[in-house]
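Participant: Return atomic coordinates for the entry below.
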Amino acid sequence: MGDVDPAVRAVAASRLALVTATGEVLDAMAGARIRTVLLKGPATARLYRDPALRPAGDVDLLVEPSHAEAAAQVLESLGFRDPLAKARSHERGAHAVTFYRSGALPACVDLHRSLYWCENDPEALWREFSRGTTFIDLEDRRVEVLGDPAQALVIAGHALRHLGAAKPLEDLRRALAVYQQDTWVEAAALATRLAAESVLAAGLRLVDAGNRVADALGLEKNPTSAEVQVFLAGLPPVALGVMSLAQTRSMRQRAALVLGEVFPTPPAMRYWNGFAGRGRAALTLCYFYRPLWLAFKLPGAYRAWRAANIALSDPPR
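Facilitator: This next block holds a predicted model:
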């Protein structure tokens, strides 16, 4: 038998680690009586004729917001660690925490209490998403996943968040090819209840087939959300930082925001640039490098923020 291609071997090892971690985490959550809903990954792979064509790189789990802390403790008991545990609160994602585990079968788990477009009301998102779930078979295991309307909304939002990335766009195209019109009608109603109409509309309009669906649903052509406009203009999260700075009225708060971005905590610096984790000298170099990186990104981010503002103040007729 010939040697196995190293790339094939790496993909197989990655999938084994992910499947093993998924089963281990789901069993542990069930043992702790924490209900979890699997986002993306195998749930999205259902849209593909061959699920192997849609490999996942991590495990995305949604839990009830009130159970997020307990779920984090379960992950820590399994050897997962949050690299931003000692970072400032604003350096940590409000909607999800990413946990990593090293070793022979490394794995990554994104623990969601919400999604980026519904950070202000995670309870509403859980209430809406958790009442319309379904189940799939994953390696001889029944796994709870989102219902089709919620999955459609998540896929559109993911494509918007990762604008231009190939995999989220392909997920969106597959969803548009598989889901019937009534699913998109329900997704639009769900988006309305969660104040996410702009997210769904902008996500769908990234591809031609989605444009037609958005028109049929009567969705807006020009997003009325400043955050969505910034995503469409490009360069988040730097552009989102510019938007936050512009919305901050206090000079003291502005100064604190700028200093926090230029000189983040060591955990946040290591998370931002893996080189910083190679030792004290590498961390110091990254502290010198970050202001230069920000200065390079700032003009484009400012233009993106301005373009978003102009689009909001002068929408197309």
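
Participant: gap between Val199 and Ala166?
Facilitator: Using C-beta to C-beta, to the nearest Å, one obtains 20 Å as the distance from Val199 to Ala166. Heads up, the C-betas are built off the backbone N, CA and C, glycines and all.

Participant: What is the burial count for Asn211?
Facilitator: 16 (other C-beta atoms under 10 Å).

Participant: Following the chain past whichever helix or strand it is part of, name the next helix or strand.
Facilitator: Using DSSP states H and E, Asn211 maps to helix 208-217. Next helix or strand after helix 208-217 toward the C-terminus (DSSP H and E): helix 226-233.

Participant: which helices and strands does that following helix pack with?
Facilitator: helix 148-161, helix 197-204, helix 238-247, helix 280-313 (3 or more C-beta pairs under 8 Å, 6 or more residues apart in numbering; DSSP states H and E).

Participant: circling back to that earlier point, what are the buried residues along the helix holding Asn211?
Facilitator: Residues of helix 208-217 classed as buried under the neighbour-count rule (16 or more other C-beta atoms under 10 Å) are 210-211, 213-214, 217.

Participant: export the residues you listed to JSON lines and tack on distance to Ala308 and pLDDT?
Facilitator: JSON lines is the format used below for the buried residues of helix 208-217 (distance: C-beta to C-beta, whole Å; pLDDT from 0 to 100):
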{"residue": "Gly210", "distance to Ala308": "21", "pLDDT": "97"}
{"residue": "Asn211", "distance to Ala308": "20", "pLDDT": "96"}
{"residue": "Val213", "distance to Ala308": "24", "pLDDT": "97"}
{"residue": "Ala214", "distance to Ala308": "19", "pLDDT": "97"}
{"residue": "Leu217", "distance to Ala308": "23", "pLDDT": "96"}
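
Participant: Between these, which sits nearest Arg127?
Facilitator: Leu217 (22.8 Å; C-beta to C-beta).

Participant: quick one: contacts for Gln229?
Facilitator: With C-beta atoms under 8 Å, 6 or more residues apart in numbering as the criterion, the residues that contact Gln229 are 223, 307-309, 311-312.

Participant: Give me the buried subset of those.
Facilitator: 223, 307-309, 311.
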